[in-house]
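with the input below, show me the fold.
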Amino acid sequence: MTTNRIDVDAIFRRHPFAKTILDRLHGGGFEAYLIGGVVRDGLQSAMGRVTRFPPADVDVATAALPQEVRKLFTERPIVGVGEEFGVLVIVGPDGQSYEVASFRVEGEYDGRWPSRVDLVRELEGDVKRRDLTINGLAATENGEVIDLVGGVEDLAALRVRAIGDPRARFREDSLRLLRAVRFVCQIDGALDDETKAAIVEEVARIESISQERIRDELLRILGTSRAAKGFALLDEVGLLKRILPELVKTQGVPQPAEYHPEGDVFVHTIEAIRTADRFVEDPIVKLAIVLHDIGKPGALQRNLGANMGGHCAIGAKTVGRISERLRLSRETASRLAFLVKNHMRIAALPEMGRGKQVRFVSTKERAEQRSLRGRFPLFFDLLQVLVADCEASAHRSSGWRPVLQETLRVVEHIDRVCSMKRARELIDGHTLIELGLVPGPDLGALLTDLHDRILAGEITCREQAIDVARATIERGMGRKNGGG
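Below is the predicted model of the structure:
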């Protein structure tokens, strides 16, 4: 029988304190193993599959009880993140955190948490209470893989299978319904038939899970390079309609065949996600792509079936409600709403006046950064949404290439001529009030026009800006004391 091994040298080069933890536990007379993701990813790497290895986190499982672990690491900071469940986090000299968990078995669950946790001295009991076979693998300090649940065979077959009775596993912690889909994405695999059937049967249990935990799993799915596969599977097993019902409502919503030969709004969205999987790494940008056409059903209804005009604004409002439900931060919610609201507007960039172009591209500019992504992060995000959207339709590159070309010209213009900061420095609202304008719509409109002309390079100094403003006011715009 062939012994499966993982490259522990690579792990210990990146995480040297992991070896110290194992050595010290062994020296204290306790069994200790690498466990879970580090072993799974190590095996994938050994199988020649592309994976990020070694991973950022290394977990250890041990026969030592928490108080015994503490006695062995008195010189290190230790956080009892779940000490009642046998889990400690030890901070190594390199500043990295290492989870060290005592072997444990668990009592009945309420769909989220076990009624009790019993710490044990044997690895087998600990492994068999875990969720999926590919996550139930352990490895010794020399890299030998210990497989008590058939995880090696499942990983080789790209099969995601629950340990033991899948219904029991999903009833224990219903977030596992989503985790199973996430691991299909991570290994580019498929659900075991029995596991898939159990998800369909137990799907309603996802509603007992907090929105924060659901959000985190969704973002992890989006963080993989196979998110399109994940969302199609979420829909197939019935999870999608329970966590993102707004997206399911796009199913069957027709689109003009000349622009969208790929199919309805939902089919288009899945294709856009699939495109994004090839080049978008930020899960929030991918979420914007998931939601970019979320307003089309409402727009079609509002327009009595004639067209989908206004779907961006409707979509942005819907995204606001989704963000609130998923407990996204205010900053993230604002970013998502901007991307959805402006995903069509960006296509008109080549037709905009130069001042409006500069203003649009410079949204949330970070002037100290030099790369396009770093300096104009929000606009760069929007470019990614545009490319995914166009590539999933009849437009293909003809929809995004002119925008990218114009973007490069605009950025060059900004470097050569101006910036929003400079425009505000040349003239502001206080100056216009001094020139005789009263606060109000006229002042705002004139200031915007002046800034656009500065950004376009038509006005190059403060004196010129004041002369243009004075001439405009003298032509009759809202002077003080009844002017206008």
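
in the longest helix that the chain contains, what counts as buried?
Longest helix of the chain, by residue count under DSSP state H: helix 397-416. Of all the residues in helix 397-416, those buried under the rule 16 or more other CB atoms under 10 Å are Gly399, Trp400, Val403, Glu406, Thr407, Val410, Val411, His413, Ile414. For every residue, glycine as well, the C-beta is placed using N, CA and C.

ok, now stretch 53-64?
Neighbour counts using 16+ other CB under 10 Å place Phe53, Pro54, Pro55, Val58, Asp59, Val60, Ala61, Thr62, Ala63, Ala64 of stretch 53-64 among the buried residues.

tell me which of these fall in strands.
Judged by DSSP state E, those include Asp59, Val60, Ala61, Thr62 as members of strands.

nearest to Leu304 among the buried residues of helix 397-416?
Closest approach between the buried residues of helix 397-416 and Leu304, by CB to CB: Gly399, at 27.6 Å.

show me the contacts for that closest one.
By CB atoms under 8 Å, 6 or more residues apart in numbering, Gly399 lies in contact with Ala347, Leu386, Asp389, Cys390, Ser393.

and with 6 Å instead?
If a contact means CB atoms under 6 Å, 6 or more residues apart in numbering, then Gly399 has Cys390 as its contacts.

how about the strands in this structure?
In the chain, the strands defined using DSSP E lie at 32-35, 59-62, 78-82, 87-91, 97-102, 104-106, 117-119, 138-139, 145-146, 159-160, 190-191.

quick one: list the elements packing against the second one.
In other words, strand 59-62. Applying 3 or more CB pairs under 6 Å, 6 or more residues apart in numbering; DSSP states H and E, one finds that strand 59-62 contacts strand 32-35, strand 97-102.

that strand: partners in the sheet, and parallel or antiparallel?
Sheet pairing for strand 59-62, assigned by DSSP bridges, gives strand 32-35 (antiparallel), strand 97-102 (parallel).

would a markdown table of those with mean pLDDT and distance to Leu455 be doable?
A markdown table is the format used below for these (pLDDT from 0 to 100; distance: least, CB to CB, whole Å):
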| stretch | mean pLDDT | distance to Leu455 |
| --- | --- | --- |
| strand 32-35 | 97 | 56 |
| strand 97-102 | 95 | 47 |
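
so which of these has the densest surroundings on average?
strand 32-35 (a mean of 26; mean count of other CB atoms under 10 Å).

one step back: nearest to Leu447, of the buried residues of helix 397-416?
For these, the nearest to Leu447 is Ile414 (19.6 Å; CB to CB).

for the residue nearest to that closest one when sequence neighbours are not counted, give its distance to Arg401.
Nearest non-adjacent residue to Ile414, counting by CB to CB, 6 or more residues apart in numbering: Val358, 5.8 Å away. Using CB to CB, to the nearest Å, one gets 21 Å for the distance from Val358 to Arg401.

go on, Asn4?
Distance from Asn4 to Arg401, by CB to CB: 48 Å.

what segments of the stretch 151-300 of the chain are helices?
Here the stretch 151-300 of the chain has its helices, by DSSP state H, counting those that start in this stretch, at 151-156, 166-172, 176-187, 193-202, 211-222, 227-237, 240-243, 245-248, 265-276, 283-291, 296-302.

how is the protein partitioned into domains?
Using automatic domain parsing, the domain parsing of the chain gives 8-157, 162-243, 257-410, 420-474.

low pLDDT regions in the protein?
Counting by pLDDT under 70, the chain contains low-confidence ranges at 1-2, 106-117, 417-420, 477-484.

can you add distance to Gly252 and give the strands of the chain back as CSV?
Shown next, in CSV, are the strands of the chain (distance: least, CB to CB, whole Å):
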stretch, distance to Gly252
strand 32-35, 45
strand 59-62, 44
strand 78-82, 45
strand 87-91, 46
strand 97-102, 45
strand 104-106, 43
strand 117-119, 47
strand 138-139, 47
strand 145-146, 47
strand 159-160, 29
strand 190-191, 25
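
number of nearby residues for the residue nearest to Leu339 when sequence neighbours are not counted?
Of all residues not flanking Leu339 in the chain, Ala288 sits nearest, at 3.8 Å (CB to CB, 6+ apart). Residues within reach of Ala288, counting by other CB atoms under 10 Å, total 26.

wait, what's in contact with Ala288?
Leu336, Leu339, Val340, Val385.

who wins on neighbours among the residues you listed?
Val340 (31 neighbours).

does the residue nearest to Ile414 touch Leu455 like I think?
Yes: using CB atoms under 6 Å, Val358 is in contact with Leu455, at 3.9 Å.

now the phi/psi pair for Gly28, please.
Dihedral pair for Gly28: phi -80, psi 0, per degrees, to the nearest 10.

how close does it get to Gly476?
Separation of Gly28 from Gly476 (CB to CB) stands at 88 Å.

hang on, the earlier thing: just the CA coordinates of the longest helix of the chain, formatted as CSV?
Extracted in CSV, the C-alpha atoms of helix 397-416 (Å, rounded to 0.1, in the frame of the first residue of the first chain):
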residue,chain,number,x,y,z
SER,A,397,-14.2,43.1,-26.4
SER,A,398,-15.9,45.7,-28.6
GLY,A,399,-17.8,46.8,-25.4
TRP,A,400,-14.8,47.3,-23.1
ARG,A,401,-11.7,47.9,-25.4
PRO,A,402,-12.7,51.5,-26.3
VAL,A,403,-13.3,52.2,-22.6
LEU,A,404,-9.9,50.9,-21.6
GLN,A,405,-8.2,52.9,-24.3
GLU,A,406,-10.0,56.1,-23.3
THR,A,407,-9.2,55.4,-19.6
LEU,A,408,-5.5,55.3,-20.5
ARG,A,409,-5.8,58.6,-22.3
VAL,A,410,-7.7,60.2,-19.3
VAL,A,411,-5.1,59.0,-16.8
GLU,A,412,-2.4,60.4,-19.0
HIS,A,413,-4.3,63.7,-19.1
ILE,A,414,-4.7,63.7,-15.3
ASP,A,415,-1.0,63.3,-14.9
ARG,A,416,-0.2,66.0,-17.4
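
so how far is His343 from the residue nearest to Leu339?
Note on Ala288: its distance to His343, by CB to CB, is 8 Å.

Ala257 now?
Per CB to CB, Ala257 is found 21 Å from His343.

compare Gly28 and Gly476 (neighbour count), which wins?
Using other CB under 10 Å, the more surrounded residue of Gly28 and Gly476 is Gly28, with 15 against 10.

contacts only, for the more buried one.
Contacts of Gly28 by CB under 6 Å, 6+ apart are Leu72.

can you check the one 10 residues further on too?
Contacts for Val38 were tallied using CB under 6 Å, 6+ apart; they are Pro55, Val58.

try 10 Å this time
6, 8, 11, 15, 18, 53-60, 137-139 (CB atoms under 10 Å, 6 or more residues apart in numbering).
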